[in-house]
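**Q** Sequence and predicted structure are below.
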Amino acid sequence: MKIRITFLFFAIVLSSNAQNTWLQMANCPGIARMGASSFSIGTKGYVCAGGDFSSTFFSDVWEYDPILNSWTQKANVPGTGRYRAMAASIGSKGYLCGGYNGTTFNDLYEFDPVANTWTAKASMGMGSLFGGVGMAIGSKFYVGTGTSSGYQKIFWAYDPGTNAWTQKADFGGAAKIYASGLSINGKGYLGLGGEITNIGIGKNDWWEYDTLLNNWTQKANKPGLGLTEANTFTMGDYGYVVIGSNNWGSVCTNQLYQYDPVADSWTALANFPGGNREHGIAFVVDCKAYVGHGFENDNFSTLSNDLWEYTPPAPCGNQPPIAAFFSSDTTICEGACIDFTSTALGAPTLYAWSFPGASTTTSYNANPTSICYNTAGTYDVEFIVCNNVGCDTVLMPGFITVVANPPQVSLTVSGDTIFSNGAFANSWYQVGNVQVLGNGSYYLPNQSGSFYSIICNVNGCCISSDTVQFTVSVLPIVNISSTDTLFCEKQCVDFFDLSQNNPTSWSWTFTNAAPSSSTAQNPIGICFNNYGSYNVTLVACNGAGCDSVTFSSFITSFQNPPKPTITLSNDTLYSSPGVSYAWYEVSNPTVVLSTLPYYVFTQDGNYYVIITDSNGCASAADAYTIHVGLYENNLLQQVQITPNPANDWIKIVLPDGLIQQNTEVRMFDNVGKLVANKKLTDVATLIETKLFAEGIYTIHLEAKGKLYSRKVTIAH
């Protein structure tokens, strides 16, 4: 049941503005432009896109607040800038489609002023289009005429509820561009514009579209100049045509005409004071029209960003408004919220809502949002709208039904299961994950975490439980590592626990090691003093039990090589075999004297060698003490043997003191075989070596009962 109350009042004056007058308002902060699109939503007006048509096209959007007389920039129209797009508003949303910037568009976007967002909708059913007419009739957005590949007379309707386009009867007149259109009391009106014959000359025909019959009827022509690029707006029961061009680039106008659809007649009203203008914008807020922007006679230097407010002769048609509204929902659950949208006719200037039972019981916005109901029950909604002529009230008894939510849910944990005391089916979730894990009165988690449930009753109302923490009991999974697994005997290593599932105790066993066991999580200093391969065992436990793993032959300890022996031959110390060698003198153990299997000493010292085998294990020999004076004297040290390395000859030069001493030279190869033997009777002696094999040879000089040895190398 709907109760309506309509009354007139004259004592209260809701607006003091003089009728049929213009008042200049704040300029738009955006760049001056022409061909912009405009519409109004609630108590705000919007100017979108446009360009100067020479090189620049805009996508910015500006919101105008008539109460504050101020502008605010909003989210841009998506994509690149555009000119002469078609636009209108339906309820709490704005719609913009098509346009041109060198390319003609076929897209459609919906603007939400609350969220300040544009959302792409179904592309235009007729294809790309610009310079056409866009108007809202009832709950649909109608678009027609304009141009793509040529002038058009097409007419299509977009339904926001189904997000779909439907082709309607073609416009009743000739194909047009830059025509004008508006809607009055559920019917559409379209006309004026330019036609393919006499391009650029404005027309003055006017046609009415009936949405129920889907047909066009020609009405009375607009008097005076024919117009293209004019702007239109609707207030109450009347339509208005303002500014425009009679002849592209030469004859603009500042005229304003009012159209009465009942009388099918036109009335000239106060001229637009901003001067002659074309390609401007116009929108209506609270029974006031706002007109501006555009330029004169296609002259870019006259581009404007001004705005003028117009008060009509009689507020919105000299009739009281008609209250009407719709809501985003009528049946909701406790705690849910509803948006209300005014569809009142007659351009109200005052709105008053009453929401008994809601958390917000009153509102004076045209379109209240987020009206929340926290208690189950059935509630009325009352809506009052007023203008200068009167008020209208609509009361909707029991319009809102609020359904009770299910009782609060509590969760308990028992063993490996979480239980709910909810009387309805539960849907189970883990905190941080929107995926449903399961349904029913209980849930068995397979991992640790925080869990909660949501239950819904037969009416679809839902409530969420508190969260409960659950820890899954899982046996440890044993794994280990160590600082090394391959090394030489008599070395120590550290071990590390890599077990999963958080063990709390550990028991290690190390075969043939010292120590042989440990209860530390990460034992250190475990020494293996004997060579061989050894097992390591770890038992790790937590609240769920224990896991034991033996890692076979995890450790391999290599045997060190036998201690090397050193033998002396003349001035050379020889080591027993190894893979690599390092000779040292005891007093300076950081300096490697040689890495050869032998070392030729030149002075007294205590010498030793460290040998390494193929596994990298090493052993050191006992030191060997050398006293050089026992084997040679200073005179023998003056013997010169050159070159070294030698090729075909070796030259031996003796000091004077040895020439008469019956000096004998002998030469041995590397296996000790005598290869040359000669008495030296002259200062210099040559030994031919061209036939000797390459390698290391030893030369022995014997004089005065002493032996002197030198190593030489033969390299051909």
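**A** Cool, the structure landed.
**Q** Would you agree G81 is in contact with F53?
**A** No - with contact defined as CB atoms under 8 Å, G81 does not reach F53; the gap is 11.1 Å. Quick note: C-beta positions are derived from backbone N, CA and C, even for glycine.
**Q** Quickly note the distance from S363 to E110.
**A** 24 Å (CB to CB, to the nearest Å).
**Q** now G525
**A** Separation of G525 from E110 (CB to CB) stands at 74 Å.
**Q** Neighbour count: those two, which is higher?
**A** E110 (19 against 11; other CB atoms under 10 Å).
**Q** Just the element for the more buried one, please.
**A** strand 108-112 (DSSP states H and E).
**Q** counting contacts, what elements does that strand pack onto?
**A** strand 93-97, strand 117-120 (3 or more CB pairs under 8 Å, 6 or more residues apart in numbering; DSSP states H and E).
**Q** Check which helices and strands the shortest one sits against.
**A** Yep, that's strand 117-120 we're talking about. Short answer (3+ CB pairs under 8 Å, 6+ apart): strand 117-120 packs on strand 108-112.
**Q** ok, back up a step: could you redo the helices and strands packed on strand 108-112 as JSON lines and give each row mean pLDDT?
**A** Formatted as JSON lines, the helices and strands packed on strand 108-112 follow (pLDDT from 0 to 100):
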{"stretch": "strand 93-97", "mean pLDDT": "97"}
{"stretch": "strand 117-120", "mean pLDDT": "97"}
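**Q** Just name the most buried of the ones you listed.
**A** strand 93-97 (a mean of 25; mean count of other CB atoms under 10 Å).
**Q** Grab the CA positions of it and hand them over as PDB.
**A** Taking Å, rounded to 0.1, in the frame of the first residue of the first chain, the C-alpha atoms of strand 93-97 are listed here in PDB:
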ATOM      1  CA  LYS A  93      24.700   6.900 -12.100                       C
ATOM      2  CA  GLY A  94      26.000   8.800 -15.100                       C
ATOM      3  CA  TYR A  95      26.500   7.300 -18.600                       C
ATOM      4  CA  LEU A  96      28.800   8.400 -21.400                       C
ATOM      5  CA  CYS A  97      29.400   6.800 -24.800                       C
END
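**Q** Note down every partner strand of the helix or strand where C391 lies and its orientation.
**A** Following DSSP H and E, the helix or strand that holds C391 is strand 390-403. Here strand 390-403 is paired, per DSSP bridges, with strand 3-8 (antiparallel), strand 331-333 (parallel), strand 377-386 (antiparallel).
**Q** Identify each buried residue in the strand holding E110, please.
**A** Neighbour counts over strand 108-112 (16 or more other CB atoms under 10 Å) mark L108, Y109, E110, F111 as buried.
**Q** ok, now stretch 665-673?
**A** V665, R666, M667, F668, D669.
**Q** which residues touch the helix or strand where the second one lies?
**A** Which is R666. For R666, the enclosing helix or strand under DSSP H and E is strand 663-668. Under the criterion CB atoms under 8 Å, 6 or more residues apart in numbering, residues 652, 654, 674-680, 685, 687, 697-703 lie in contact with strand 663-668.
**Q** Let's see that with 6 Å instead.
**A** 674-680, 697-703 (CB atoms under 6 Å, 6 or more residues apart in numbering).
**Q** for stretch 509-518, same thing?
**A** W508, I526, C527, F528, N530, Y534, N535, V536, T537.
**Q** let's see it at 7 Å
**A** Stretch 509-518 is contacted by residues W508, I526, C527, F528, N529, N530, G532, Y534, N535, V536, T537 when judged by CB atoms under 7 Å, 6 or more residues apart in numbering.
**Q** In CSV, list those residues along with pLDDT, distance to S465 and neighbour count.
**A** Shown next, in CSV, are these (pLDDT from 0 to 100; distance: CB to CB, whole Å; neighbours: other CB atoms under 10 Å):
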residue, pLDDT, distance to S465, neighbour count
W508, 97, 45, 23
I526, 95, 52, 22
C527, 95, 58, 14
F528, 94, 58, 22
N529, 92, 63, 12
N530, 92, 63, 12
G532, 94, 62, 14
Y534, 95, 55, 18
N535, 96, 52, 14
V536, 96, 48, 21
T537, 96, 46, 18
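**Q** In helices only, show me these.
**A** Secondary structure defined by DSSP state H assigns none of the contacts of stretch 509-518 to helices.
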